[in-house]
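>>> need a structure here:
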Amino acid sequence: MSSKQNQWIVGVNAVASAVENDAEHVREVLVESGARNPRLVEIEEQARRRGIEVRKVATQALDGIAGQLRHQGVAARYAAVRTWDEHELAGLVEAAEGKALLLVLDGVQDPHNLGACLRSAAAAGATAVVIPKDKSAPVNATVRKTSAGAADRLPVVSVTNLSRTLRDLQKLGVWIYGLAGEAEPSLYSLDLKGNVALVLGGEAEGLRRLTREHCDGLVRIPMPGEIESLNVSVAAGVCLFEVVRQRA
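Just a heads-up that it's a prediction; the model follows:
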């Protein structure tokens, strides 16, 4: 289902991905007047081919839309981020035919971190990313920009009760592994070739107690250096690409 509210997305990668992957929901594209970036010309031509209105505007207009974000000379008014209902998760897992790879983010509230996690998940060929409806950044323009278009390509499933969702995934034959710095087993000791969900906690609190209790196991990323923790998006990338390595 799709949200009916319009939103602005900015930046070359985010706008290009929306035009390419979900043109029916792009209402218009604004391109900076006099810009010479060939990527902008490409976006403009593709948008026109797909019947999307394109307007040339002053830099100030784009600045006003983008706020604190770097717009790179382009913005798009977008009618919907494709939202996935939690009841669709079972179908996504079954369609993966025993190779489901889910990234579960328990309370990632920084939109830049969420966007970076989505980007890594899409690059790793993840089946879906699962986020709770509360205590999570929404998939907004900042997330879409930071994800470099991944938010358009990857199912992001927003769930009401994360613990219940983890139980439901276990019933579907998905092994649930939570990342915790104090855990003894190493990520690299796991067999990650089957249905797997990797659960990472938020920036401040890590995994919540109930989330931990619904994991099949807790594991850590070995870190021989003096720093004891990684940014959540970096940790997500390490975990996801260990799965990719094992399945190669």
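>>> all contacts plus neighbour counts: C-alpha atoms, from now on.
Fine.
>>> Give me the buried positions along the helix-or-strand element of the chain with minimal mean pLDDT.
Averaged element by element with mean pLDDT, DSSP states H and E, the chain has its least confident helix or strand at helix 141-146 (a mean of 78). For helix 141-146, the buried set under the neighbour-count rule, 16 or more other C-alpha atoms under 10 Å, comprises 141-146.
>>> which residue is nearest the centroid of the protein?
Note on the chain: the residue nearest the mean C-alpha position is L118, at 2.3 Å, using C-alpha atoms, centre = their mean.
>>> For that residue, list the residues it contacts.
129, 147, 150-151, 154 (C-alpha atoms under 8 Å, 6 or more residues apart in numbering).
>>> For my notes, confirm it occurs in a helix.
Yes - secondary structure of L118, determined by DSSP: H, G, I helix; E, B strand; the rest coil: located in a helix.
>>> Any figure for the gap between it and A148?
Distance from L118 to A148, counting by C-alpha to C-alpha, to the nearest Å: 9 Å.
>>> which residues are common contacts for these two?
When C-alpha under 8 Å, 6+ apart defines a contact, no residue borders L118 and A148 alike.
>>> thinking again about what came up before, and which of the buried residues of helix 141-146 is nearest N37?
Nearest to N37 among the buried residues of helix 141-146 is K145, at 18.1 Å by C-alpha to C-alpha.
>>> For the closest residue to the closest one other than its chain neighbours, list the residues it contacts.
For K145, the nearest residue in space outside its immediate sequence neighbours is A14; the separation is 5.3 Å by C-alpha to C-alpha, 6 or more residues apart in numbering. When contacts are counted by C-alpha under 8 Å, 6+ apart, A14 is found next to 144-145, 147-149.
>>> wait, doesn't Y78 sit right on V15?
No - using C-alpha atoms under 8 Å, Y78 is not in contact with V15; the gap is 9.2 Å.
>>> what is in contact with those two at once?
Where contact means C-alpha under 8 Å, 6+ apart, the residues bridging Y78 and V15 through contact with each are I9.
>>> So for the two, which residue has more residues nearby?
Neighbour comparison, Y78 and V15: the larger count goes to V15, with 29 against 24 (by other C-alpha atoms under 10 Å).
>>> Would you confirm that that one contacts R77?
No - taking C-alpha under 8 Å as the contact criterion, V15 and R77 are not neighbours in contact, 9.3 Å apart.
>>> For these two, list the residues in contact with both.
Here V15 and R77 share the contacting residues I9, scored by C-alpha under 8 Å, 6+ apart.
>>> N140: what's it in contact with?
Going by C-alpha under 8 Å, 6+ apart, N140 touches P111.
>>> on contacts alone, who are the packing partners of the helix or strand following the least confident helix or strand of the chain?
Following the chain from helix 141-146 toward its C-terminal end, the next helix or strand by DSSP states H and E is helix 150-153. For helix 150-153, the helices and strands in contact under the criterion 3 or more C-alpha pairs under 8 Å, 6 or more residues apart in numbering; DSSP states H and E are helix 12-21, helix 111-123, helix 141-146.
>>> in the first one, what counts as buried?
Residues 12-20 are the ones in helix 12-21 that count as buried (16+ other C-alpha under 10 Å).
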